[in-house]
Structure formats: C-alpha cells, structure tokens
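Enquirer: take this sequence and fold it.
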Amino acid sequence: MTALAQVLALEQRMSRSIIGQERVVRSILLCLLCDSNLLLEGMPGLAKTRAIRSLANNLDASFRRIQFTPDLLPADITGSEIYVPDAASLEAAFQFRQGPVFGNLVLVDEINRAPAKVQSALLEAMEERQITVSGKTYRLPRLFMALATQNPVEQEGTYNLPEAQLDRFLMKIQVDYPSADSEKGILDLVRGEQQRSYAEAESASDEVTASEAPERLSVEVVYQAWRAVAEIHVSEPIKDYIVGIVQASRYPGQHDEELAQWLSIGGSPRATLGLERAARAHAWLAGRDYVDDGDVRAVAHDVLRHRLVLSFQAAASGVTVEQAIDRILSLVIAG
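Expert: From the prediction side, this is the model:
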C-alpha cells in the first residue's frame, strides 16, 4: 500500500471517531504532512482534544499531554537538571531529566491559560525542534508536532498568545458546532465506547488481542509522505499567486480602500511559506503531483486567520478576519 493510501486510510479512521468534523481532521493531517504545528480554537466540548488524541491513537509515535495552568513553570515543559547524590563525579551529579515536550505529538491543552513566560518555553521547540537548558541544547525527536488548543470565550485567568508565537503555528483551525445529524451520531458513538469499556472492565483483562489492536500508521510512512509532498511541483504562476495574496494582506491599499481600513498587520514571510507548503500537501492528498490555485484557496483561511490583525475600525464595524481573507481572495486572481 502506498504512503498516500495509508494516510487516506488514517483520515477515514480518525473521521469515524470524530463525527461531523471532517474538515478538522483534514487540517490536522495537512499539518502532519507539513511537519508543522497546529492551533485548534473552539468552544468547550467540541472534540478538540479528542481529535488530537485520535491522531495519536492511530499513529505509531509517542504522545505527551501538557495541561497549561497559571501556576505552570517553564521547567515543567522542557525538563530540568536534577541532583543525583550518588553520582561518580560532581559533573555527573547534575543530570538532565526530559520534560513532556520530548515527544512526537505534544498536546498543549488550553495554551492560553499559562502566562507568557511559560508559553515562551515552547518557542524554541516549535521553531528549531530543540530546547536549551543550563546552556546545553537538546534535540527533539525528528517527528515533532505541537498541537495546541484554546477556548475563545473564556477571559478570566487567560493570557492571549503574542503574534510572534501565533506565527509559529502553520494553521489555526476554527472548530464549529456539528450538525444535528452529526450530533446524533456522536450520542451513539460515545454510548458504544462506554459499553465497550464497561465490558472490558468486567472481563478483568487488560490484554488486547491482535485482532482488537488498533491499526497504526508507522513513522516511516510519515517520512515517505514528507518526501513525496516535498516533490510536488509548484509553477511560477502559482508562486506569484501565493506571494500576491500575502502582499495584498500587507499593502491592502493597493487593491481596495475598504480592505485597507480593515487590516492593520498583514502576513509575514512565514505566511508565504505556509501557504506554499500547505498547498503542496493538499495537492498530494488529492492525488496530484502539482499545485493549482484551488489548493491555495483551500488552505488560505487556516494559514492566514491567526496572522492578520484587524484594525479597530474593522472590529467596531463587526468585520471578521474571515471576511478580510475572503476579500483578499476575491481581489487577487491566479495567473
């Protein structure tokens, strides 16, 4: 089975455990294929954490969860040096103990509940795939993804992420309420899971037979997918289209006066790189070896929504960042 077929099968397995959130599942896989970080935002109870756990359950990789709270310390994330009294020498007496960031998939739950000092402990890990403690640098695993969640409505005891850290997430996914039919399916799904867990508890057996073991995607297949995505062709007109979208977010007055009143800060070069990379992954999942303008438009909202800063006038008028991105896509035409 090819890497593409295995990744699509993974998508199907995840969608069966997260009913009504197919778009979220696809976006998570796009970030996995892009070797990048992901931010999920939505109201409480919309399966943000469940979606990330579903990926972890179907991927043969280590999973770590960090619950962000106001009293968390940076060392609780990165790890720290501990004193070993019976060490052979003074130098060996202090040994580094890895923190939960040393995993393949790292769930950062409610990332905006910890202050900036703690949030900044993730910056080096998210960008350079390494952490530095006491002047020593430690490499993270080759496959590393920071998957963060946050709720948009809670203000008490929360700390907004700075733009510099938001920019390190390839995508910000907006998780919406499921449809009525999907929510009915969720009832049956959760009830079935409860029945199976109670049956396993009564059997007093923690052993999982080979037939019951979940099918997991190997890390080697992920590496193959990375290489395949890197080979996807991006033509010069598509590159111009991507650059034009980001340039329009920076200099909106060159395209539309109303858009210029909406935006105060546009996308950084990371936005350009993110659009190109995510479009390549989208094309690969579609079975094509080239990127078209539809791939770029398909990922534009997720890549740009956390990188554009609206003006006070836009906020006062009720203009959303989604509307601003729609306006940019309507103004910039692919060549």
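Enquirer: for the residue nearest the centre of the chain, grab phi and psi.
Expert: The centroid of the chain falls nearest to residue 38 when counting by CA atoms, centre = their mean (1.4 Å). Residue 38 has phi and psi values of phi -140, psi 140 when expressed as degrees, to the nearest 10.
Enquirer: helices along the stretch 151-300 of the chain, start to end?
Expert: All helices of the stretch 151-300 of the chain, identified by DSSP state H, counting those that start in this stretch, fall at 163-166, 180-203, 219-230, 236-250, 257-262, 269-285, 293-304.
Enquirer: with mean pLDDT added, can I get those helices in a markdown table?
Expert: Converted to a markdown table, the helices of the stretch 151-300 of the chain look like this (pLDDT from 0 to 100):
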| stretch | mean pLDDT |
| --- | --- |
| helix 163-166 | 85 |
| helix 180-203 | 86 |
| helix 219-230 | 96 |
| helix 236-250 | 96 |
| helix 257-262 | 93 |
| helix 269-285 | 97 |
| helix 293-304 | 96 |
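Enquirer: format those helices as a markdown table; extra columns: mean neighbour count and distance to residue 116.
Expert: No exception for glycine: its C-beta is placed from N, CA and C like everyone else's. Output for the helices of the stretch 151-300 of the chain, formatted as a markdown table (neighbours: other CB atoms under 10 Å; distance: least, CB to CB, whole Å):
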| stretch | mean neighbour count | distance to residue 116 |
| --- | --- | --- |
| helix 163-166 | 14 | 9 |
| helix 180-203 | 11 | 36 |
| helix 219-230 | 17 | 32 |
| helix 236-250 | 19 | 26 |
| helix 257-262 | 16 | 28 |
| helix 269-285 | 23 | 20 |
| helix 293-304 | 22 | 24 |
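Enquirer: quick check: which of these is nearest to residue 95?
Expert: helix 219-230 (27.5 Å; CB to CB).
Enquirer: domain map for this structure?
Expert: Structural domains annotated on the chain: 3-184, 232-331, as defined by automatic domain parsing.
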